[in-house]
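here is my input, please return the structure:
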Amino acid sequence: MKSLAPALQAHLDEGTTTLAWCWRIVRADGVTLGFTDHDRTLTFDGTAFEPESGFAASEVRSGSDLAVDAQDAQGVLSSDRITETDILDGRWDNAAVEVWRVNWADTSQRLLMRRGAIGQIRRGRMALVAEVRSLAHVLGQTVGRTFQAGCDAALGDVRCGANLDAPAFKGSGAVIDLLRDRAFTASGLAVFSSGWFVFGTVQWTSGANLGRRTEVLAHDLVDGVAIVTLLEAPVRAIAGSDSFTIRAGCDKRIATCGTKFANVANFRGFPNIPGQDAALRYASQNGGHEGDVL
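Below is the predicted model of the structure:
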């Protein structure tokens, strides 16, 4: 049960109210945005909640069990704060949301209705519908380790321990020519052998994709010129002379962990577990399935 401030309770008791919905959204890139379904800008807690987006809310759905409660918020893509490019670029994914009920005549009278995160976003040519999930959605996320042959650590994290800022694993370059929307020739990488950056990442340090990070699908070296192919084409087009930082990748095999990173001591997989073929083989004295300790 929520407790109301006396001033807000008195306003509700009047019968005729001046209430509006306000949403504060904090994206993963740190940008804080405010929207309201009122017809003028409302300001509180250092955030301006603007009406130009055309945001409108559905009913709030909630239950007493652990199911994920949700509310839909509909907006207009023509807003200069909500662009289709940003949505495709993932900048709205899992953004933190606060939903407020506010007396627009006196914004000091307000109540935080719920906290959550942006879930599924459905978009058309001119509008979007964003699902606002409650904090219960965190309970549905898988946690813990995975029992598998390959390493389940993220390359360079605390569990892995590999230093991706070492000169052997990090390079800097710039786009020379664009071959396709996700492939280009690059300068500055001639000292690295072909395939060294496969499964690694490219982080753009200039251009339209500044700050964005993309996985590397292929890395080739032809006549001393590096050719980099990304797993996905950036939402914003790559341009000549765009600069980037590239880091080596790992295919999660123990052999790669040893030969490329000399880091077998931190390998987080189980390379000697029997595979599915072991369960399908029949008993044999000389086929490795005779019942001895593996």
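
going forward, measure contacts and count neighbours with C-alpha atoms only.
Fine.

can you give me the neighbour number for residue 108?
15 (other CA atoms under 10 Å).

so what pairs up with the closest residue to it other than its chain neighbours in the strands?
Among residues not flanking residue 108 along the chain, residue 44 sits closest, at 7.5 Å (CA to CA, 6 or more residues apart in numbering). When assigned by DSSP bridges, residue 44 has beta-bridge partners residue 47.

per-residue confidence at residue 79?
Per-residue confidence for residue 79 comes out at a pLDDT of 57.

now residue 64
For residue 64, the model assigns a pLDDT of 51.

ditto for residue 189
94.

ditto for residue 110
Model confidence at residue 110 (pLDDT) stands at 92.

verify the stated contact: it with residue 102.
Yes - counting by CA atoms under 8 Å, residue 102 is a contact partner of residue 110 at 4.3 Å.

okay, these two: which has more neighbours?
More neighbours surround residue 102 than the other of residue 110 and residue 102, with 24 against 21 (other CA under 10 Å).

what is the neighbour count of residue 256?
Residue 256: 15 neighbours (other CA under 10 Å).

ok so, going back, the residue nearest to residue 108: neighbouring residues, count only.
12.

and residue 105, by the same measure?
For residue 105, using other CA under 10 Å, the count is 12.

got it, and residue 25?
Neighbours of residue 25 using other CA under 10 Å come to 21.

now do it against residue 130, distance only.
Per CA to CA, to the nearest Å, residue 25 is found 12 Å from residue 130.

do residue 243 as well
Applying CA to CA to residue 243 and residue 130 gives a distance of 34 Å.

which stretches of this structure have low pLDDT?
Within the chain, the stretches with pLDDT under 70 are 1, 52-81, 123-128, 134-138, 140-141, 277-279, 281-294.

please parse it into its domains.
The chain breaks down by automatic domain parsing into domains covering 8-139, 170-248.

turn these into TSV, including distance to residue 265.
Putting those into TSV (distance: least, CA to CA, whole Å) gives the following:
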stretch	distance to residue 265
domain 8-139	32
domain 170-248	19
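
looking at the ones you listed, which is closest to residue 151?
Across the domains of the chain, the minimum distance to residue 151, taken as CA to CA, is reached by domain 170-248, at 13.7 Å.

tell me the phi and psi of residue 257?
Dihedral angles of residue 257 (phi, psi; degrees, to the nearest 10) stand at phi -60, psi -40.

likewise residue 275?
phi -90, psi -180.

what do you get for residue 227?
Dihedral angles for residue 227 - degrees, to the nearest 10 - are phi -120, psi 120.

residue contacts, it?
The contact partners of residue 227, taken as CA atoms under 8 Å, 6 or more residues apart in numbering, are 183, 184, 185, 186, 218, 219, 220, 221.

now do the helices in the protein.
6-13, 84-88, 254-259, 276-280 (DSSP state H).

can you report how many residues lie near residue 20?
Count around residue 20 with other CA under 10 Å applied: 18.

now residue 275
Other residues close to residue 275 by other CA under 10 Å number 11.
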